[in-house]
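> show me the folded form of this:
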Amino acid sequence: EVQLVESGGGSVQAGGSLRLSCSASGFTDNYVIGWFRQAPGKEREGVSCISSIDGSTYYPESMKGRFTISTDNAKNTMYLQMNSLKREDTAVYYCATAYAWPLGVSTIHYWGQGTQVTVSS
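Okay, here's the model as predicted:
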């Protein structure tokens, strides 16, 4: 069974950076893995995803520019580098995977438990 474990969340001041990690295990086939986030009172939204086949990446238009997704296949770990953080980036960030491109909330097969990111001014 696929297991996803996030880490790296925390509190940071606006303008700062954080790097989230997602340790993944249990895959038996090619997959797409990515990040979602959910702010208080808002719907869960996609941040980025990456394909295990060729490393292709996808960012919704609203997420382009400050976030970078990457993987270290040797460590079975996916990362999300977040720069120039804003208060509105405050949310629980989830690692997720499915066999769909790009990932959407409705397509997800497995979710991690989430990690809290809080950006203060």
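> okay, and the residue nearest in space to the middle of the chain sits in which element?
Against the mean C-alpha coordinate of the chain, by C-alpha atoms, centre = their mean, the closest residue is W35 at 2.0 Å. For W35, the element it lies in under DSSP states H and E is strand 32-38.
> give me the contacts around that strand.
The list of residues contacting strand 32-38 from outside it, by C-beta atoms under 8 Å, 6 or more residues apart in numbering, reads 4, 20, 22, 24, 44-52, 58, 67, 69, 71, 78, 80, 89, 91-103, 105, 108, 114, 117. All C-beta spots, glycine's among them, are computed from the backbone N, C-alpha and C.
> what residues sit buried inside stretch 9-20?
By neighbour count on 16 or more other C-beta atoms under 10 Å, the buried set for stretch 9-20 is G9, V12, L18, L20.
> same check, this time on stretch 80-99
Buried positions in stretch 80-99, judged by neighbour count with 16+ other C-beta under 10 Å: 80, 82, 85, 89-98.
> and the buried residues of stretch 9-20, which two are furthest apart?
By the measure C-beta to C-beta, V12 and L20 form the most distant pair in the buried residues of stretch 9-20, at 11.6 Å.
> quick check: neighbours shared by those two?
Taking C-beta under 8 Å, 6+ apart as the contact rule, V12 and L20 both touch V117.
> just the contacts of strand 32-38: which are in strands?
Among those, DSSP state E puts 4, 20, 22, 24, 45-51, 58, 67, 69, 71, 78, 80, 91-98, 117 in strands.
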